[in-house]
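Enquirer: no sequence for this one, just the structure:
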């Protein structure tokens, strides 16, 4: 290990530690902070982001990167990722980084009110500021990375994946959906409506159940917390993961499946290689990879017939009453119900990609300058109608529903569907590789699956790119056919 | 305003914002963090402290301080405080600052176990490391500030106050106590035992009561939170204050009076001059000043006959049962009970200074090198016996009871008693200045008192030193006679 590389490792560890502080403050802002703390929190996050940026872009880094040498797979990958991070960061002046953090925080705050009031005009000026800064960043990155402006933002979430990778996959899915959705709806209609679960479900009981089931799936609460926030997420750091959910007395499924989803994210963070903690190569392999881990737990495993059989018993034990609604077939009909709806986070796995395809096209146009923020509500309605044949009755159920754009995350949405596809591909490979995986899930034992994931995904950190990670784990790069096969098998 | 001073203001705002991030993470570590997050949190706090230190000690600061000019009381005081902060910080190398943060976090963690096990040997090596680093810092500061090593640590908590200010006051108090304590005990014994409050007190009811009473005293939960931690404290930032307490089902008084104490701290933070936020002059005037604000609320106001009359009604409404124990005279006997006991935080206001005097003498000897950490338990027992005539049965009730030393806070303890004395002095002045203050407290209305404090203390920030702040508010510098008068009136 060269001296230059050793210095870089020290510096990157410091930058990552600052990032950890920011992650904790971000979690706090969503889960704990009183409303009056918002303005100061925006400043705190901006200063942390600015200092991290300064550390990453200091002249000494360029000198050390020029001189650094590393041997071995992991160190070589680490050095490569350091160069990439430096290249991305030096493309952006500190003033832009701080202004972006500030604008994002301000917009997110207004968005919460605008969403509650279903009033897009309320957030429009703040969102225009966010988009303007994102476009500025995309232009600056584009020149340095040799990518199209929007691709340079995508690359920030899932390295190495651009619009050209996504477009054909999304086009194929759009065609598949046009045929599959009416068929799935017809099959579902012929089957009749499921029995509703007999609520209400007291929040305290839901909390305890969510906690115990996430523990059962593998989350260690010596290194984690479960709290509440408006928009559920997984935050924190690998040794102190913070997952959140949102409880409604009338609906136990939403919080429960949401917690299982976030548990998938949390297991990834917990399973990252500790020996490479705070180094670029020790981080998760990107947002699509991350989403594959939440969806393989929530969608592939927890909504499987096998696990639903176990889960139904747990639910009935917790809430009592008539056992019939908790039978596997009924839970499957309830929680694998497909349909055309407005809210992405409530969408089923068949239509979910349509929500993502819409956002991908709109955000690409916003960054490209072909669409203005003012025209967003109209473009949303038009695109939604084309994909799913319906249009939202108001903006709260349309372009105000997601936090992402209002928090400055452009280029992130495709990761959801790339992750769903990767999850199906990984599940198929895990089933083939691990005997007894299905039977174990039927006993509520997720260890055979999560053990395989820990070895083939979690412990790999960012050593491999998204495609190579899939190649190593499944024998091939991303192949949407496995996802469509899964959907055909489950819904058609 | 000179350019140099303007640059300094920007820089100090950035440093203060980093400090805010650290304050939030410190709160989280005490109130929220799972145990497995401790190691990473120590690193996070160390990096934040180190970066803040680098910003404060950068060569540009010395240049700007040499060139800076300011006009007007506030800016002049601000510039003076910047010079002082810079002087203190440049005395310490970054490596020492980071090592200290790391050692403090590590020791605090071990201390929690050592205290639970009443095993001083367990924490001794970590505490020796903490003390060694504190001595190193004290030596370095001493040379620069022209103060004795221990005084240079005291100055970090209450600027301008040293051992020479404290020694005569503490000697006078020791003499007063030797005579007053046996008399107070005799009077109390003659009066007979108070009726106990009929518990248990469900924690959820205590939580709601603590919150509503702290609101009543003036805390705005749009800018605050109330949570639980082992060692109650007030943390966070002026627009997002975090107070904590510790609930026991058997004892409502402990949590309740603790929350009122922290509310006094919180009101000070909330009332700091917003126009000077994140500038040195916008901060609280020191730890003794801070303690005066918690104690004037908890000890002077909330334990007054007037307020106890109101509080008894609230308590009876919340918990029901026999009203007799909630009568003013009985609450006064319960919550103004004096006696020789081992635990500082449970001590009454008459004996509390003895706990502080002991710690002042011991920590001064530890920093001076006349006392070794290994000899601490023995010296504690000997000192305690001299002051209060008893010695603790184990170290958990002796030198392991407080977090302070184990978290690297040396020179802080005198602030408690300076604050208690200042609180009595301020209360006397407020009573004289505000007609109807007493009657309002009897109605649970603290606004006349807190309004006077807001103007004369909170809104002053650090513009005045501790002694000038008292002069301006009460017409004289710290005068322990008001505290002794208060104690004579209440107990003799």
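Expert: Yep, it's here. It should be emphasised that the depicted structure is a prediction, and the values quoted were computed from it without experimental measurement.

Enquirer: all strands of the stretch 351-492 of chain A, in order?
Expert: Remark: no strands are assigned in the stretch 351-492 of chain A by DSSP state E, counting those that start in this stretch.

Enquirer: repeat that for chain A.
Expert: Ranges of strands within chain A are A:224-228, A:234-237, A:240-245, based on DSSP state E.

Enquirer: for the first one, which outside residues touch it?
Expert: Outside strand A:224-228, the residues within contact range by Cβ atoms under 8 Å, 6 or more residues apart in numbering or on different chains are A:31-32, A:207, A:210-211, A:214, A:236, A:240-247, A:259, A:266, A:270, B:32-34, B:36. Heads up, the C-betas are built off the backbone N, CA and C, glycines and all.

Enquirer: the same query, at a cut-off of 7 Å, please.
Expert: Strand A:224-228 has contacts (Cβ atoms under 7 Å, 6 or more residues apart in numbering or on different chains) with A:31, A:210-211, A:214, A:241-247, A:259, A:266, B:32, B:34.

Enquirer: one more: the longest one?
Expert: Under the criterion Cβ under 7 Å, 6+ apart, residues A:27, A:30-31, A:210, A:223-229, A:232-236, A:255, A:258-259, A:262-263, A:266, A:269-270, B:33-34, B:36-37, B:40 lie in contact with strand A:240-245.

Enquirer: how about stretch A:123-133: buried residues?
Expert: By 16 or more other Cβ atoms under 10 Å in any protein chain shown, the buried positions in stretch A:123-133 come out as A:123, A:124, A:126, A:127, A:129, A:130, A:131, A:133.

Enquirer: ok, whatever residue of the stretch 51-200 of chain A ends up closest to chain B - contacts?
Expert: Residue of the stretch 51-200 of chain A nearest chain B, by Cβ to the nearest Cβ: residue A:51 (5.9 Å). Residues near residue A:51 by Cβ under 7 Å, 6+ apart: A:18, B:51.

Enquirer: leaving aside the residues adjacent along the chain, what's closest to the spatially most central residue of chain A?
Expert: Nearest residue to the geometric centre of chain A (Cα atoms, centre = their mean): residue A:291, 4.6 Å. Distance criterion Cβ to Cβ, 6 or more residues apart in numbering or on different chains; nearest residue to residue A:291, sequence neighbours excluded, is residue A:419 at 2.5 Å.

Enquirer: burial measure for the residue of the stretch 201-350 of chain A found nearest chain B, as a count.
Expert: Closest to chain B within the stretch 201-350 of chain A is residue A:240: 3.0 Å, counting by Cβ to the nearest Cβ. Residue A:240 has 30 neighbours, counted by other Cβ atoms under 10 Å in any protein chain shown.

Enquirer: report the beta-bridge partners for it.
Expert: Here residue A:240 sits in beta bridges with residue A:237, as judged by DSSP bridges.

Enquirer: hmm, residue A:292 and the residue nearest to residue A:291 touching each other?
Expert: Yes: Residue A:419 is within contact range of residue A:292, at 4.3 Å (criterion: Cβ atoms under 7 Å).

Enquirer: more neighbours, those two?
Expert: residue A:292 (33 against 26).

Enquirer: how close does that one sit to residue A:81?
Expert: The spacing between residue A:292 and residue A:81, counted by Cβ to Cβ, to the nearest Å, is 19 Å.

Enquirer: which pLDDT value belongs to the residue in the stretch 301-450 of chain A positioned nearest to chain B?
Expert: Closest residue of the stretch 301-450 of chain A to chain B, Cβ to the nearest Cβ: residue A:450 (18.1 Å). Residue A:450 carries a pLDDT score of 98 in this model.

Enquirer: which positions in chain A make contact with chain B?
Expert: A:14, A:17-18, A:20-21, A:24-25, A:28, A:32-37, A:39-40, A:43-44, A:47-48, A:51, A:221-225, A:237, A:239-240 (Cβ under 7 Å from any Cβ of the partner chain).

Enquirer: which of the residues you listed fall in helices?
Expert: A:14, A:17-18, A:20-21, A:24-25, A:28, A:39-40, A:43-44, A:47-48, A:51 (DSSP state H).

Enquirer: can you select the buried ones from these in ChimeraX?
Expert: Buried residues among these (16+ other Cβ under 10 Å), as a ChimeraX selection:
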select /A:14,17,18,20,21,24,25,28,40,43,44,47,48,51
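
Enquirer: what two of the ones in helices among the residues of chain A next to chain B are the furthest from one another?
Expert: For these, with distances taken as Cβ to Cβ, the pair at the greatest spread is A:14 and A:39 (27.4 Å).

Enquirer: what is the nearest of the ones in helices among the residues of chain A next to chain B to residue B:190?
Expert: Nearest to residue B:190 among those, with distances taken as Cβ to Cβ, is residue A:28, at 52.7 Å.

Enquirer: leaving out chain neighbours, which residue sits closest to the closest one?
Expert: residue B:24 (6.2 Å).

Enquirer: likewise for residue A:456?
Expert: residue A:473 (4.0 Å).

Enquirer: since we're on the one you found, how many residues are nearby?
Expert: 22.

Enquirer: next: residue A:72.
Expert: Residue A:72: 9 surrounding residues under other Cβ under 10 Å.

Enquirer: over to it: give its phi and psi.
Expert: As for residue A:72, its main-chain torsions (degrees, to the nearest 10) stand at phi 90, psi 150.

Enquirer: show me what contacts it?
Expert: Counting by Cβ under 7 Å, 6+ apart, residue A:72 has no contacts.

Enquirer: next one: it from residue A:3, what distance?
Expert: Applying Cβ to Cβ to residue A:72 and residue A:3 gives a distance of 17 Å.

Enquirer: kindly report the same for residue A:233.
Expert: Residue A:233 is 40 Å from residue A:3, where distance means Cβ to Cβ.

Enquirer: those two: who's more crowded?
Expert: Between residue A:233 and residue A:3, counted using other Cβ under 10 Å, residue A:233 has the larger neighbour count: 20 against 11.
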